[in-house]
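S.K.: dropping the sequence and predicted coords here.
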Amino acid sequence: MERTVKAMQRVLILGGTTQANALAVRLESDPQYDPILSLAGRTQAPVLPNVRHRIGGFGGVDGLIDYLRRHAVDVLIDATHPFAEQISAHAVAAARETGVPLAVLTRPAWAPQPGDRWREFPDVASAARALGAEPRRVFLTIGRQQIGAFEAAPQHDYLIRAIDPPAPPPNLPHQKLLLARGPFTFEDEVKLMRGARVEILVTKNSGGAATLAKLDAARTLGIEVFMINRPQSADVPTFETLDALLEFLETLRHRKAP
């Protein structure tokens, strides 16, 4: 049978990551695709490529379903942060309801290397509990939204690094806030951790190269790492490279004629 190809495929990209930006730029340059990059709007000054985009929530699952239908979206791509659990769950539910194909674009998770002192945890709360009763110097690099979990362990001295200030500010008697956006160099991470006399690094397994240097620095300095594992993902086609996702999109564009 002959194969027919739709003239243009509208792709809604749930973004907020460098992978999402790269995908949007790649599709924007291809006349076969009509990409729309969507950001939740939680970052005060997001880095945006020069592509069509929207900023703000959809209003839950029903709002996303309505958007997919009103804008005649052909494919939904979840390229959000690996720990953006709520929007990922909404994407699964909306895709199921509308029949719009869904795929996930993510970066490979980090894996422990020789010399690492990792302890792995299923969530932030369990990592906070495991810090122990004795005061420690703790470097938090988990973003700003779950810092409050460490209020259960107020005896520690916290260095908190985030792109934007936590809101509301955490009720921690011993804390220092460092506002910074990656990528970070190995040399700078070593200098920061050594200067702050960090004893424990708490981070999420977001993967990628932009913040990998903190793990290299921790290994070099013999610092213990509390690694928050990624949440369990739904049974959705998942790709770790842009080329693999583009191949998936190409297969969707081709349909067998009836």
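M.R.: Cool, the structure landed.

S.K.: can you identify the element that follows the longest helix that the chain contains toward the C-terminus?
M.R.: If you go by DSSP state H, the chain has its longest helix at helix 85-98. Using DSSP states H and E, the helix or strand that follows helix 85-98 in sequence is strand 102-105.

S.K.: what's the following helix or strand past that next one in contact with?
M.R.: For strand 102-105, the succeeding helix or strand toward the C-terminus, using DSSP H and E, is strand 118-121. Residues outside strand 118-121 that contact it (Cβ atoms under 8 Å, 6 or more residues apart in numbering) are 112, 127, 130, 224, 225, 226, 227, 228, 229. Using the backbone N, CA and C atoms, a C-beta is placed for each residue, glycine as well.

S.K.: quick one: which of these is nearest residue 15?
M.R.: Minimum distance to residue 15 across the contacts of strand 118-121 is 21.9 Å, recorded for residue 228 (Cβ to Cβ).

S.K.: buried sites along stretch 56-63?
M.R.: Judged by neighbour count (16 or more other Cβ atoms under 10 Å), stretch 56-63 contains these buried residues: 58, 61.

S.K.: show the end-to-end separation of it, please.
M.R.: 11 Å (Cα to Cα, to the nearest Å).

S.K.: neighbours around residue 210, how many?
M.R.: By the measure other Cβ atoms under 10 Å, the count of residues near residue 210 is 14.

S.K.: same check on residue 244?
M.R.: Neighbours around residue 244, by other Cβ under 10 Å: 13.

S.K.: same question for residue 80.
M.R.: Neighbours of residue 80 (other Cβ under 10 Å): 25.

S.K.: pLDDT wise, what is it at?
M.R.: Per-residue pLDDT puts residue 80 at 94.

S.K.: is it true that residue 21 lies in a strand?
M.R.: No. Applying DSSP: H, G, I helix; E, B strand; the rest coil, one finds residue 21 to be helix, outside a strand.

S.K.: how about it, nearest residue that isn't a chain neighbour?
M.R.: Using Cβ to Cβ, 6 or more residues apart in numbering and skipping the chain neighbours, the partner closest in space to residue 21 is residue 49 (4.7 Å).

S.K.: give me phi/psi at that neighbour?
M.R.: Residue 49 adopts backbone torsions of phi -80, psi 170, taken as degrees, to the nearest 10.

S.K.: which ones are touching residue 38?
M.R.: Contacts of residue 38 by Cβ under 8 Å, 6+ apart are 12, 13, 14, 15, 53, 54, 55, 58.
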